[in-house]
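Q: make a model of this:
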Amino acid sequence: MVKHYRKGEVFVWQGDVIKYFGFIRKGYFKYTITDTEGYEHITGFVFSNGLVGDFLSTVNKESVKTNIIAATDAEVIQCPASVLKRQLEHSPALHRALTEGLFRQAYMQYLDLYSSSPKARYLALLKRCPDILQNITLKEMASYLQITPTHLSRIRKELTFTNNTLE
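A: The predicted structure follows:
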């Protein structure tokens, strides 16, 4: 079924077992986690033409480790997680492909954190999603990049004054 989410609407709360997964036709979602001191951090984004959900919760009926929240108005083709779980049980090739794809995505994001500068990560994210700054705060952007808002402001100032482009 097609489901519409308004910006800020929750797809699933941290701690719940996921009921649906979806294919994003329009918009994007942010994955957030709250640390032990009560601060929220953005751990990831999923954009148009991507899958939104939580693989471990779907396969193992574990609680979700992050909140998944619409960062923009979004349109999702949604399906019960139980349907995906049945498909994965009957198709080892699909299960392996999804597992490998998710591992690759997480591993590349982890390596990128160490091999790319915050400026390079910022520019890459803006290139992937040019309107992201209209939909999340600079504080959220800094959280995702794992830098301070002050550091992000310096990067933005440098880019403005040196007339760098996203090309």
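Q: from D35, how far off is the residue positioned nearest the centre of the chain?
A: Centroid check for the chain by Cα atoms, centre = their mean gives F45 as the closest residue, at 1.9 Å. Distance of F45 to D35, given as Cβ to Cβ, to the nearest Å: 19 Å. Every residue, glycine included, has its C-beta placed from N, CA and C.
Q: go on, P130?
A: In terms of Cβ to Cβ, P130 sits 30 Å off from D35.
Q: quick one, strands of the protein?
A: Taking DSSP state E to define them, one finds strands in the chain at 2-5, 10-12, 20-26, 29-34, 40-46, 51-52, 67-70, 74-80.
Q: closest to R154 out of the ones you listed?
A: R154 sits nearest to strand 40-46 of all the strands of the chain, at 19.6 Å, using Cβ to Cβ.
Q: extract the C-alpha trace of that closest one and format it as PDB.
A: Output in PDB follows, covering the C-alpha atoms of strand 40-46 (Å, rounded to 0.1, in the frame of the first residue of the first chain):
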ATOM      1  CA  GLU A  40      19.600  13.000  19.900                       C
ATOM      2  CA  HIS A  41      22.100  12.100  17.100                       C
ATOM      3  CA  ILE A  42      21.400  11.400  13.400                       C
ATOM      4  CA  THR A  43      22.900   8.100  12.400                       C
ATOM      5  CA  GLY A  44      21.800   7.900   8.800                       C
ATOM      6  CA  PHE A  45      19.500   8.900   6.000                       C
ATOM      7  CA  VAL A  46      17.600   7.000   3.400                       C
END
